[in-house]
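Trainee: coords please:
(chains A and B)
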Amino acid sequence: MSSTVDQRRTSIYGKLLRWGCLLYLGVVLIFPLSGVVLRAVSAGPSRIWSEVTNPFAWHAIMLSLSTAIVMVLISVFTGTATAWVLARYEFPGKGLVNALVDLPFAVPTIVTGLMLVAMFGPTSTLGVVLSGFGTPVIYEQSGIVLALLFVCFPFVVRSVQPVLENLDPAEEESAATMGASRWTIFRRVTLPALFPSIVSGAGLSFSRALGEFGSVVMVAGNRPMSTKTAPLYVYGEVEGFNMEGALAVSLVLLTCSLVSLIAVSKWAERQG
Amino acid sequence: MDIVVRNLSKRFGNFQAIDNVSFAIPSGQLVALLGPSGSGKSTILRAIAGLETPDSGSIELVGEEATNLPTQQRGIGFVFQHFALFRHMTVRQNVAFGLEIQKLPKCEIQGRVEELLKLVQLTNFADRYPLQLSGGQRQRVALARALAPKPRVLMLDEPFGALDAKVRDELRVWLRRLHDESHVTSLFVTHDQQEAFEVCDQVVVLNHGKVEQIGPPQELYERPASPFVTEFLGQVNILRHETILGMNLHESRPLPLQIPGSTGGSIYVRPHDLEISREQNDLPGWPARIKRLTPLGWLARVELILPDGTPVHVQITQANSLELGLENGLNVFVRPRDLKIFDESNKAAAAMNYVI
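Mentor: Prediction:
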């Protein structure tokens, strides 16, 4: 046992592989990341602070956070339910449905946005009906949530489904033998077992949603102080040669994403 | 009778898992469902628990018709092979689960949990999670959890199947003791003949979804009702009819006429039902040659070849082997004490013990 470990330590190929991997990580991930951070730092904290607290930037950040949170709250239910149906039931066309779940990953997000505009936009029948009820979707904040729901749909499903499939049915059965009703079994046995995977799916979709650009730019209408999300704001500032403004908001987005990512993985570690 | 099963059948696609099974388990007994894998033993257990719906037949629990009763209302305790503990709950919470479902007052739950933890000797582990326990400890928690709500019957589905040999042996003894104290009617599924014999009052032997024989372990061993039971419960030599005739047995004491002929009935003799001697002494038997002698501690395994080439496997004590001065290649005489004879036409029904 120990001899194989030693061999692996001294092997030149092993060393090359490890350093190669680290180098790649550095170039592809750390380098660009530090670029943003360094540029922001060199601009000076007070400048960054004033850029972030500028009402337009602040609104964009808050809009991104709130639409992402609303989307996560909805996705947690729909995603878990979809995973449940796929893991627990047999029905014709199940293979197709299972493949469809990944569709949002495959479709270019800009196309997603276009599809939503075509479906719900002001010139579509559905859009006219919705506007008639006083609840237009496209070019409104609800449109942003809709786009995020579509784009982030696979995350919760794909993180809950395998856990559900590997759950030992004996746990639920033993609860049943002790007299627990189906609802009690779900609440006290199944759900606690699924909870970590639900949280991890939610965390991933939250991080993804914060930065979503392609679909949102199509459906949001980009009205400042109304439907302009943080990524759209960053894009606008770069276009308008305000690099500091773009960097400041990027830094906030980056921090939120990283914090939620790390928090979820730390939490999962503690559960595990 | 606490568990009565009548004409139970269940089919999975083309596979007949249970085939018209009937049996009754008296109150307070610990009974094994014994059979090879695919014999339907687990499916029967699960059907009794309401975890599987039988195609036909009826189930009665403690004098109450239960065929269509949901699992929740059957008042059973069930122990699974892979423990099935709630992994996000501590040992204490696991054991309390069934009591909380019954909505007992908190203090009563607490008392009962303590009592059970003491019974399974896990009081010091009450606040651990299942993953922090060994396999044997987990199964004891599972047992405590199943017993906590005072089930009317206890069911164990290969409870020791996932444990290593030493822990398994300990838990068998422990389970038997536990049963002697609690007297809850228990049904125990196993494929291990030794386990069934060690732990249970009665054994139901199953094969291909059918009951082969029911009885106390020793009775099954001594008077098996079918070739399957004979072969499944311990090692056995299969002899041909001609070999038996070649023994010259019929001169001293004729064999019954209905002994199966060349049509292919089965004649069995267990390795320890054979006696080896150096001289024939006018007793019925065969001359034989020792092909291989293997001492196994206090036992010795002797592989013999009869004159017609039939290999016969004999077990004698090592002391007996030394006394006779056995060695490889030696010519000896071997004499069966007890033959088990089955007619081809009604294998399962007519069994005959022929004590010589």
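Trainee: Run the chain-centre distance for the longest helix along chain B.
Mentor: If you go by DSSP state H, chain B has its longest helix at helix B:165-182. Distance of helix B:165-182 from the chain centroid (Cα atoms, centre = their mean, to the nearest Å) equals 15 Å.
Trainee: Stretch B:283-302 now?
Mentor: 28 Å.
Trainee: Could you work out the end-to-end span of it for me?
Mentor: 20 Å (Cα to Cα, to the nearest Å).
Trainee: buried stuff in that stretch?
Mentor: For stretch B:283-302, a neighbour-count test (16 or more other Cβ atoms under 10 Å in any protein chain shown) marks B:284-286, B:288, B:290, B:293, B:299-302 as buried. C-betas here are computed from N, CA, C, even on glycine.
Trainee: Enumerate the residues of the stretch 101-250 of chain A near chain B.
Mentor: Counting by Cβ under 8 Å from any Cβ of the partner chain, the residues of the stretch 101-250 of chain A close to chain B are A:168, A:170-171, A:173-181, A:184, A:188-189, A:192-193.
Trainee: Drop anything exposed from these.
Mentor: By neighbour count, with 16+ other Cβ under 10 Å, these hold A:170-171, A:173-180, A:184, A:188-189, A:193 as buried.
Trainee: export stretch B:11-22 as CSV, just CAs?
Mentor: The C-alpha coordinates for stretch B:11-22 follow below in CSV (Å, rounded to 0.1, in the frame of the first residue of the first chain):
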residue,chain,number,x,y,z
ARG,B,11,-46.2,-13.6,-10.1
PHE,B,12,-43.6,-11.0,-11.4
GLY,B,13,-44.0,-11.1,-15.2
ASN,B,14,-43.1,-14.7,-16.2
PHE,B,15,-41.7,-15.5,-12.8
GLN,B,16,-43.9,-17.3,-10.3
ALA,B,17,-42.4,-15.9,-7.1
ILE,B,18,-44.9,-17.5,-4.7
ASP,B,19,-46.9,-20.6,-5.8
ASN,B,20,-49.9,-21.4,-3.7
VAL,B,21,-48.2,-21.2,-0.3
SER,B,22,-50.0,-22.0,2.9
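Trainee: Which parts of it count as buried, going by neighbours?
Mentor: Using 16+ other Cβ under 10 Å as the burial criterion, the residues of stretch B:11-22 that qualify are B:16-19, B:21.
Trainee: go on, stretch B:328-345?
Mentor: Buried residues in stretch B:328-345, defined by neighbour count with 16+ other Cβ under 10 Å: B:330, B:332-336, B:339-343.
Trainee: what's the answer for stretch B:184-197, then?
Mentor: Going by neighbour count (16+ other Cβ under 10 Å), the buried part of stretch B:184-197 is B:184-193, B:195-197.
Trainee: repeat for stretch B:68-80
Mentor: So for stretch B:68-80, counting by 16+ other Cβ under 10 Å, buried means B:71-72, B:74-80.
Trainee: among the residues you listed, which are in strands?
Mentor: The strands, defined by DSSP state E, take in B:76-79 from the buried residues of stretch B:68-80.
Trainee: Just name the closest of the residues you listed to B:F97, please.
Mentor: Relative to B:F97, the closest of these is B:G77; by Cβ to Cβ it sits at 11.7 Å.
Trainee: Tell me the spacing between that closest one and B:K103.
Mentor: Per Cβ to Cβ, to the nearest Å, B:G77 is found 18 Å from B:K103.
Trainee: ditto for A:V52
Mentor: Using Cβ to Cβ, A:V52 is found at 54 Å from B:K103.
Trainee: Looking at those two now, which is surrounded by more residues?
Mentor: Higher neighbour count among A:V52 and B:K103: A:V52, with 15 against 8, using other Cβ atoms under 10 Å in any protein chain shown.
Trainee: Is that one in a helix, a strand, or coil?
Mentor: Classification of A:V52 using DSSP: H, G, I helix; E, B strand; the rest coil returns helix.
Trainee: Let me know the pLDDT of it.
Mentor: As predicted, A:V52 sits at a pLDDT of 92.
Trainee: The chain - how does it break down into domains?
Mentor: No chain in the question, so chain A it is. A:1-43, A:46-271 (automatic domain parsing).
Trainee: hmm, I had chain B in mind actually
Mentor: B:3-218, B:235-355.
Trainee: Tell me who's in contact with A:A40.
Mentor: By Cβ atoms under 8 Å, 6 or more residues apart in numbering or on different chains, the contact set of A:A40 is A:48, A:244, A:247-248, A:250-251.
Trainee: let's see 7 Å
Mentor: For A:A40, the contacting residues are A:48, A:247-248, A:251, by Cβ atoms under 7 Å, 6 or more residues apart in numbering or on different chains.
Trainee: Chain neighbours aside, what residue packs nearest to it?
Mentor: In this structure, A:A40 finds its nearest non-sequential neighbour in A:L247, 4.4 Å apart by Cβ to Cβ, 6 or more residues apart in numbering or on different chains.
Trainee: Need the residues that contact stretch B:78-92.
Mentor: Under Cβ under 7 Å, 6+ apart, the answer for stretch B:78-92 is A:168, A:170-171, A:174, A:177, A:189, A:192-193, B:49, B:94, B:97, B:113, B:122, B:125-131, B:138-139, B:141-143, B:146, B:155-159, B:161-162.
Trainee: Buried ones among those residues?
Mentor: Neighbour-count burial (16+ other Cβ under 10 Å) applied to the contacts of stretch B:78-92 gives A:170-171, A:174, A:177, A:189, A:193, B:49, B:94, B:97, B:113, B:122, B:125-126, B:129-130, B:138-139, B:141-143, B:146, B:155-159, B:161.
Trainee: From chain B, how far off is the residue most central in space within chain A?
Mentor: Residue closest to the average C-alpha location in chain A (Cα atoms, centre = their mean): A:S205, at 1.9 Å. Distance of A:S205 to chain B, given as Cβ to the nearest Cβ, to the nearest Å: 23 Å.
Trainee: how would you label that residue: helix, strand or coil?
Mentor: Local secondary structure at A:S205 is given as helix here, using three-state DSSP.
Trainee: wait, what's in contact with it?
Mentor: Contacts of A:S205 by Cβ under 7 Å, 6+ apart are A:71-72, A:75, A:152, A:155-156.
Trainee: Out of these, which sit inside strands?
Mentor: Short answer: the contacts of A:S205 have none in strands (DSSP E).
Trainee: for the chain, what are the low-confidence residue spans?
Mentor: All of this is about chain A. Scanning chain A with the threshold set as pLDDT under 70 gives A:1-10, A:272.
Trainee: that's the wrong chain, I wanted chain B
Mentor: Scanning chain B with the threshold set as pLDDT under 70 gives B:245-265, B:282, B:344-356.
Trainee: if we can go back for a sec, out of the buried residues of stretch B:184-197, who's nearest A:M218?
Mentor: Of all these, A:M218 sits closest to B:V189, with 60.7 Å by Cβ to Cβ.
Trainee: That closest one should be in a helix, yeah?
Mentor: No - counting by three-state DSSP, B:V189 falls outside a helix, being strand.
Trainee: Hmm, B:D157 and it touching each other?
Mentor: Yes - using Cβ atoms under 7 Å, B:V189 is in contact with B:D157, at 4.9 Å.
Trainee: Need the overlap of contacts for the two.
Mentor: Counting by Cβ under 7 Å, 6+ apart, the residues touching both B:V189 and B:D157 are B:42, B:45.
Trainee: Need the buried residues of stretch B:328-345 in TSV (columns: distance to chain A and secondary structure).
Mentor: Output for these, formatted as TSV (distance: Cβ to the nearest Cβ, whole Å; DSSP: H, G, I helix; E, B strand; the rest coil):
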residue	distance to chain A	secondary structure
B:L330	49	coil
B:V332	51	strand
B:F333	55	strand
B:V334	50	strand
B:R335	52	strand
B:P336	47	strand
B:L339	45	strand
B:K340	39	strand
B:I341	44	strand
B:F342	39	strand
B:D343	43	coil
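Trainee: hmm, back to that, tell me which of the buried ones among the contacts of stretch B:78-92 fall in strands.
Mentor: Per DSSP E, the buried ones among the contacts of stretch B:78-92 map to strands at B:155-157.
Trainee: and the helix or strand harbouring A:W183, how far out from the chain's middle?
Mentor: Under the criterion of DSSP states H and E, A:W183 resides in helix A:182-185. The chain centre lies 30 Å from the centre of helix A:182-185; the measure is Cα atoms, centre = their mean.
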